[in-house]
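A.B. asks: Quick one, fold the following:
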Amino acid sequence: MTPAPVIIAVDGRSGAGKTTLAVELAARLRQHHKVSLFHLEDIYPGWNGLMPGIERYVGTVLKPLSEGLAAEWTSWDWDKHYDGGLNVTLPAEIVIVEGVGAAADAARSMLDAVVWVESPGDDRRRRALTRDGSTYEPYWDSWAAQEDEWLATDQVISAADVRVQNLADGSAPDHVLQALMYLPSVASVLSPEISARRGLQLRSERLEATPDAALLFESLYGKSTNAVWLDSSNASAVAGRSQAAARSRFSILADDGGTFGQSVLHRSGTTQVTAGSASVRTSGPFFRWLDSVWGRRAVRAPRGYDGQFTLGWLGYLGYELKRETGGNDVPSHTPDAALLFAGRAVVVDHREQTVWLLALEAPDAEEWLRAARAAVEAATAGVAVPMAGAPGTVPEFVSRDSATEYKQKIAHSQHQINEGNSYEICLTTTLESPAGTLDPWASYLALRRRNPAPFASYLRFGELVVASTSPERFLRIMSDGGMRAEPIKGTRGRSADASEDAALRHDLETSLKDRAENIMIVDLLRNDLSHFAIPGSVTVSRLCAIESYATVHQMVSTIDAHLRPGAPRAEALAAAFPAGSMTGAPKISTMGILDQLESGPRGIYSGAIGYFSLNAATDLAVVIRTLVVNPDGAGGRTLSLGVGGAITADSVADDEYQEIRTKAFGVLSTLGADFPD
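C.D. replies: The predicted model follows:
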């Protein structure tokens with residue numbers, strides 16, 4: 001008896017392409033493993049024998065193979081319409097079983113992975129009849145009826161680990177193999193394949209160019225289903241080598257196309273990764289999943305390249321991931337995390353006025369580099385116009401909380417503070433409106449012109465769109481382990497009158513209340529970073545500095561630290577998540593208070609947007625000043641904007657309410673919208 005094999009079932013309706021997929025998948029796995037392959041069509045007892053065939057397969061083939069024993073089974077002679085000869089299928093390191101019913105309910109307890117293959121009905125019929133000719137045609141309808149009867153009582157589709165939309169273009173085997181690598185049940189046996197994918201080579205080109213980034217994004221990714229633009233939209237307003245200029249030096253543009261492209265959505269403990277035509281679901285905490293795909297140095301930066309992003313994952317982490325870091329479990333209307341893996345990207349270096357084209361070595365890398373080079377040249381020459389148009393519908397926002405309700409919640413917050421349950425509570429609310437005909441792309445272009453910011457971003461994940469003009473860094477971890485957080489606490493509006501504007505800035509700079517809010521968050525973040533930092537490395541290099549943006553002055557501090565060698569970077573991130581500037585202090589007890597006070601989930605707002613690079617670096621912004629366009633499930637779209645402020649014992653309710661109006665003004669005024677009464 002040999003050790004029990006890893007058994008992978010490839011199931012789906014007839015004609016979906018299961019046989020070809022299984023054969024090609026076995027061929028790829030045989031490069032590193034001994035593989036056995038079994039086809040259920042060899043055992044079905046005739047054209048009306050789907051259910052008896054499944055029973056035969058489970059008892060005579062699957063059961064012995066799952067125990068590491070040879071399977072002896074009787075084949076079906078399709079010409080004589082009777083039992084054929086005796087056959088033997090030997091166990092192996094990996095066994096692939098393929099056919100309708102391969103993952104039936106009676107089989108699933110003996111399987112390590114289930115792949116469900118999907119294809120449109122017309123395509124399935126055409127493929128099946130092309131393969132089997134006139135032999136199958138008289139039985140197509142009766143066989144399909146047997147499949148319907150089986151699927152009516154068997155939850156095989158919902159139980160599948162991997163689902164693949166088989167396009168019959170030869171891509172499915174690679175996509176399925178890529179998806180299988182994420183399954184803990186088979187990942188250990190696939191270690192040679194995983195190691196091969198980690199042997200990545202980075203290609204790069206440096207171009208002397210100053211393209212219009214909006215033109216460039218529209219040209220390269222305007223039609224991409226998933227795309228990300230991390231946009232230092234205020235780069236032209238800062239210069240030299242100041243901290244502000246350093247934060248605004250690079251912009252990153254990417255999608256999930258090409259050989260290595262993937263996307264991931266996480267909701268309430270389930271992570272779904274899509275690799276081309278295949279998608280795989282796994283259960284477990286998001287930060288545990290992140291640790292499995294990020295945190296090790298897989299590539300080196302090109303010579304002369306000063307950026308920290310060397311391809312990898314880009315997207316957002318939503319506030320409700322707090323369930324994994326000490327907070328309560330609150331379901332969200334949006335995915336708790338959405339990321340794409342970019343195996344190729346464009347990085348604009350605003351300081352050096354250069355563009356870097358980065359691509360992992362792959363069969364399609366050269367073609368992409370040529371296309372990206374041409375797009376950069378066109379965007380530099382200005383030969384195209386971004387498809388911006390007008391933003392569309394002027395939204396009519398409704399707030400979750402009226403002015404009276406919000407001020408009552410301020411009073412409740414102060415009661416909690418007076419009771420000693422918190423020192424500072426970052427109370428938020430959400431403005432919502434039907435999106436109507438609002439164009440998210442045109443709206444973002446308008447936002448970035450009116451409210452340029454170092455951590456602006458435009459994210460598109462299918463119908464979900466995020467348009468952010470965030471000025472606040474949440475956390476940076478550099479490839480060498482350097483860490484930095486830059487919380488913002490304290491806000492004043494800007495004035496067109498220079499003397500009045502200077503007075504507003506001075507008022508913020510000298511406000512004891514705002515300094516107290518800021519310092520409390522600095523202390524919280526010093527503690528957050530210390531969990532994984534080298535002892536003694538946590539320092540505050542800037543305390544309560546004032547930074548001015550297009551519509552607001554803000555008070556900012558900087559906390560630096562250095563990660564312990566070998567420390568798990570995903571855990572270091574989790575220790576600081578969500579940003580203390582969006583919760584208050586102490587963090588865990590205050591998040592519990594906020595769950596009681598706030599009238600719904602925050603969703604993406606208060607989370608983080610940025611990247612997780614293949615050189616183990618990350619740079620994440622706090623999700624503020626951010627519009628979210630989300631499908632409402634009924635064919636429409638919802639537009640939302642989160643706003644909030646820090647409440648302390650000496651907060652004045654009218655002033656706090658005015659502060660959230662001030663914070664919302666830059667976004668609302670760009671859309672032509674008003675703050676709701």
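
A.B. asks: now residue 183: how far from residue 661?
C.D. replies: Remark: distance between residue 183 and residue 661 (Cβ to Cβ, to the nearest Å) = 49 Å. (Each C-beta comes from the backbone N, C-alpha and C, glycine too.)

A.B. asks: okay, those two: which has more neighbours?
C.D. replies: It is residue 183, of residue 183 and residue 661, that has more neighbours when counted by other Cβ atoms under 10 Å, with 20 against 14.

A.B. asks: give me phi/psi at that one?
C.D. replies: Torsion angles at residue 183 (phi, psi; degrees, to the nearest 10) stand at phi -90, psi 120.

A.B. asks: What of residue 540?
C.D. replies: phi -110, psi 100.

A.B. asks: Can you pull out the low-pLDDT segments for the stretch 101-250 of the chain?
C.D. replies: Applying pLDDT under 70 to the stretch 101-250 of the chain flags residues 132-134, 197-198.

A.B. asks: can you map out the strands along it?
C.D. replies: Assigned by DSSP state E, counting those that start in this stretch, the strands in the stretch 101-250 of the chain fall at 113-118, 162-165, 202-208, 226-231, 250-255.

A.B. asks: Next, format those strands as TSV and append distance to residue 242 and mean neighbour count.
C.D. replies: Below are the strands of the stretch 101-250 of the chain laid out as TSV (distance: least, Cβ to Cβ, whole Å; neighbours: other Cβ atoms under 10 Å):
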stretch	distance to residue 242	mean neighbour count
strand 113-118	53	23
strand 162-165	49	23
strand 202-208	24	16
strand 226-231	19	26
strand 250-255	15	25
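
A.B. asks: Any chance of these in JSON lines with distance to residue 310 as columns?
C.D. replies: Shown next, in JSON lines, are the strands of the stretch 101-250 of the chain (distance: least, Cβ to Cβ, whole Å):
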{"stretch": "strand 113-118", "distance to residue 310": "31"}
{"stretch": "strand 162-165", "distance to residue 310": "29"}
{"stretch": "strand 202-208", "distance to residue 310": "6"}
{"stretch": "strand 226-231", "distance to residue 310": "14"}
{"stretch": "strand 250-255", "distance to residue 310": "11"}
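
A.B. asks: nearest to residue 60, of those strands?
C.D. replies: The closest of the strands of the stretch 101-250 of the chain to residue 60 is strand 113-118. By Cβ to Cβ, the value is 20.2 Å.

A.B. asks: and that closest one, which strands flank it?
C.D. replies: Paired neighbours of strand 113-118 in the sheet (DSSP bridges): strand 6-12 (parallel), strand 162-165 (parallel).

A.B. asks: Switch these over to a markdown table; also include distance to residue 171.
C.D. replies: A markdown table is the format used below for these (distance: least, Cβ to Cβ, whole Å):
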| stretch | distance to residue 171 |
| --- | --- |
| strand 6-12 | 16 |
| strand 162-165 | 9 |
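
A.B. asks: of all the ones you listed, which lies closest to residue 569?
C.D. replies: Set against residue 569 and scored by Cβ to Cβ, those come closest in strand 162-165, at 27.7 Å.

A.B. asks: what's residue 257 sitting at in phi/psi?
C.D. replies: Torsion angles, degrees, to the nearest 10, at residue 257: phi -80, psi 170.
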